[in-house]
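J.: no sequence on this one, just coordinates:
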């Protein structure tokens, strides 16, 4: 652990975070708002990477966990008017329960079947939101009376702090003995099991951690937006964006996933003048990266770091 | 009367689903690829058929042919641009190729979808039907186009069965799905087999797309739902099992039609999804799948 504080990675990360924290003093509110969303997306992508990169489970429905957290927090706030932070906590809790319910049977099946189960979960949630429109606001979206703060700077700092803490926990977890067991059970479950590790328990734990951070981030995001809608937190397209971000940044790196997410959101915004072609260009860039640099942005850097 | 209506409409919808899903499952069976750009290829075919008739003023037969040809070209492009580089890549570990193919084909599908939206807008397009008019079957008014759709689907699926089981090429393809290495040892070039399969898949997806365009109409928004429905049908039937897909398509088609008529069109997809979840938990390999 001490060696980690001496490593260049730690210092680079520290400098980047400190530099990012000073942004509100000289950058417009518009850019801050963009980065706030990007940071929450970074947490989505990091939690997805914990599941895919380490546990080797392809979760096609990151938005199931995100959506449950976001909508639970939003509905409780809307219906009962509890305080924002209690709602966010309850949202994260609901997401953990949902993750547990989804993971328990889903972990029995492997490969594409697991992916499909999670994808179906998203479609079910989407239908649920539309059918119970008087509770969830349906396709128009759920109005949330409270927000965390109306100040762009404060929102930005909360998002940055949240992402930094999540990154530290998730990255630490991935480099811990638990992370190694996860990685082993992802790559060769039979052998890892033969070594005496309880694979199901480890994967379940990874799923719950992933669900907790996804739900927390989703809840924070809706309290930033002041609204929850299918298009922002549940839609399959959002899940695809999370997956692309993680693979683009470099799978099995955790930190790369956050970089990938920030890149995707900022690039999408920069390309806005190109109109409808923006999504096309971002997808094309992501495809080229996947085809020719499968390690992603951070893949080569961090694997060298790890081998040292 | 309503029962008969459900019977007729459900059959047409099921036949269309079956055609769309057969190609999808064929690709998986032979090359192990789950092609998530499936919906995009179907929509590309329908939009091409629509553009040929409405923009370039060709007749509807030529338009339909253009649509199918476009789908075949896009399908082969998918194989050469996206799938083959990943399968041959040395940088991607073998056990991760599956997720790379999934992500890459998904991105490819989004690219096709965005290009269609850019050049032909997001508006829904209905391809001019080849046969027009309405016929009455025991008192149920049925568009002739619906009957045409069902017949074409059945004929094409029959042809596919003939091709796979009765011709030399088809037998090679079948063998490749059982044991790729064995086929290679017998002197067949695996890449050639893959090209044949992707071409067949392109034609099937193209016909399904054009028919869908005539029957219900498509827009670039239909890409995601179309891929999802093909995916669910294939998994319900068992990955790689063509007959399983056919049964699953009938089940899903009738379940959706029944829900739409008896309960509400808004709940159309929910029972099928519920069934899928139950099947996933009880019998994860699908109805007719092998482990």
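T.: Okay, I see it. Predicted, not measured: the structure shown is a model, and the values here were computed from it. Numbering: from 1, shown residues only, chains lettered A, B, ... in the order given.
J.: so residue A:51 sits against residue A:61, correct?
T.: No: if you go by CB atoms under 8 Å, residue A:51 and residue A:61 don't touch, sitting 10.7 Å apart. Yep, even glycine has a C-beta here, placed from its N, CA and C like the rest.
J.: where does pLDDT dip in chain B?
T.: Within chain B, the set of residues satisfying pLDDT under 70 comprises B:290-291.
J.: the helices in the stretch 51-200 of chain A, which residues?
T.: Per DSSP state H, counting those that start in this stretch, the stretch 51-200 of chain A carries helices over the ranges A:62-80, A:84-106, A:112-131, A:133-136, A:152-175, A:177-187, A:189-194, A:199-225.
J.: go through the third one and flag the buried ones.
T.: Yep, that's helix A:112-131 we're talking about. Going by neighbour count (16 or more other CB atoms under 10 Å in any protein chain shown), the buried part of helix A:112-131 is A:112-130.
J.: tell me the buried residues in the longest helix seen in chain B?
T.: The longest helix of chain B (DSSP state H) is helix B:2-31. Using 16+ other CB under 10 Å as the test for burial, helix B:2-31 gives B:5-6, B:8-31.
J.: equivalent analysis for stretch A:256-274, please.
T.: Taking 16+ other CB under 10 Å as the criterion, stretch A:256-274 shows A:256-265, A:268, A:271 as buried.
J.: list the helices and strands the host helix or strand of residue B:47 packs on?
T.: In the assignment (DSSP states H and E), residue B:47 maps to helix B:38-54. Contacts defined by 3 or more CB pairs under 8 Å, 6 or more residues apart in numbering or on different chains; DSSP states H and E place helix B:38-54 against helix B:2-31, helix B:60-77, helix B:97-120, helix B:190-215, helix B:223-237.
J.: once you drop chain neighbours, what's closest to residue A:113?
T.: Sequence neighbours aside, residue B:284 is the residue nearest to residue A:113 in space, at 5.0 Å (criterion: CB to CB, 6 or more residues apart in numbering or on different chains).
J.: the one you found and residue B:235, how far apart?
T.: 9 Å (CB to CB, to the nearest Å).
J.: what touches both of the two?
T.: residue A:113 (CB atoms under 8 Å, 6 or more residues apart in numbering or on different chains).
J.: higher neighbour count, the two?
T.: More crowded of residue B:284 and residue B:235, by other CB atoms under 10 Å in any protein chain shown: residue B:235, with 31 against 20.
J.: helices and strands of chain A: which one bottoms out on pLDDT?
T.: When the helices and strands of chain A are scored by mean pLDDT, DSSP states H and E, helix A:296-307 comes last with a mean of 61.
J.: mind checking the backbone torsions on residue B:240?
T.: Residue B:240 adopts backbone torsions of phi 90, psi -10, taken as degrees, to the nearest 10.
J.: can you report how many residues lie near it?
T.: Neighbourhood size, residue B:240 [other CB under 10 Å]: 21.
J.: you'd agree it is up against residue B:289?
T.: Yes: Residue B:240 is within contact range of residue B:289, at 6.9 Å (criterion: CB under 8 Å).
J.: mind listing what residue 189 touches?
T.: I'll assume chain A. By CB under 8 Å, 6+ apart, residue A:189 lies in contact with residue A:199.
J.: residue A:135 is in contact with residue A:72, isn't it?
T.: No: with contacts counted by CB under 8 Å, residue A:135 stays clear of residue A:72, the gap being 11.2 Å.
J.: the more surrounded of the two?
T.: Neighbours were counted for residue A:135 and for residue A:72 using other CB under 10 Å; residue A:72 has more, 25 against 14.
J.: mind checking the SS state of the residue nearest to residue A:113?
T.: With DSSP: H, G, I helix; E, B strand; the rest coil as the basis, residue B:284 sits in coil.
J.: ok, now the one 4 residues further on?
T.: When classified by three-state DSSP, residue B:288 comes out as coil.
J.: count of residues packed around it?
T.: 18.
J.: residue B:88 now?
T.: 9.
J.: how far away is it from residue A:283?
T.: For residue B:88 relative to residue A:283 (CB to CB), the value is 22 Å.
J.: so is the longest helix of chain B next to chain A?
T.: No: shown here: helix B:2-31 not in contact with chain A (CB under 8 Å from any CB of the partner chain), separated by at least 8.6 Å.
J.: hang on, the earlier thing: same list (the helices and strands packed on helix B:38-54) but as JSON lines, adding distance to residue A:229.
T.: Below are the helices and strands packed on helix B:38-54 laid out as JSON lines (distance: least, CB to CB, whole Å):
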{"stretch": "helix B:2-31", "distance to residue A:229": "30"}
{"stretch": "helix B:60-77", "distance to residue A:229": "32"}
{"stretch": "helix B:97-120", "distance to residue A:229": "20"}
{"stretch": "helix B:190-215", "distance to residue A:229": "28"}
{"stretch": "helix B:223-237", "distance to residue A:229": "17"}
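J.: out of those, which comes closest to residue A:44?
T.: In terms of CB to CB, the element of these nearest to residue A:44 is helix B:97-120, at 15.7 Å.
J.: what packs against the closest one?
T.: helix A:236-249, helix A:277-292, helix B:38-54, helix B:84-88, helix B:223-237.
J.: immediately after that helix, which helix or strand?
T.: By DSSP H and E, the next helix or strand past helix B:97-120 is strand B:134-137.
J.: now the element after that following strand, going C-ward?
T.: Next helix or strand after strand B:134-137 toward the C-terminus (DSSP H and E): strand B:140-143.
J.: hmm, who's touching that following strand?
T.: Residues from elsewhere that reach strand B:140-143 (CB under 8 Å, 6+ apart): B:1, B:4-5, B:8, B:129, B:133-136.
J.: what's the next secondary structure element after it?
T.: Under the assignment DSSP H and E, the closest C-terminal helix or strand after strand B:140-143 is helix B:144-166.
J.: after that next one, which helix or strand is next? Please name it.
T.: helix B:168-178.
J.: Three-state assignment for the residue most central in space within chain A, please.
T.: Centroid-nearest residue in chain A, with CA atoms, centre = their mean: residue A:44, separated by 0.7 Å. Secondary structure, three-state DSSP: residue A:44 is helix.
J.: contacting residues for the residue lying closest to it once chain neighbours are set aside?
T.: Leaving aside its sequence neighbours, residue A:44 sits nearest to residue A:242 (CB to CB, 6+ apart; 4.7 Å). For residue A:242, the contacting residues are A:41, A:44-45, A:48, A:62-63, A:66, A:261, by CB under 8 Å, 6+ apart.
J.: likewise for residue A:123?
T.: A:236, B:228, B:269, B:273.
J.: next: residue B:39.
T.: Applying CB under 8 Å, 6+ apart, the residues near residue B:39 are B:109, B:222-228, B:230.
J.: hmm, which of those are the buried ones?
T.: Listed as buried from the contacts of residue B:39 are B:109, B:222-224, B:226-228, B:230; burial here means 16+ other CB under 10 Å.
J.: so which residues on the stretch 201-308 of chain A come close to chain B?
T.: A:236-237, A:240, A:243-244, A:247, A:251, A:276-277, A:279-280, A:283-284, A:286-287, A:290-291, A:293-295.
J.: so residue B:15 sits against residue B:150, correct?
T.: Yes: with contacts counted by CB under 8 Å, residue B:15 reaches residue B:150, the gap being 4.6 Å.
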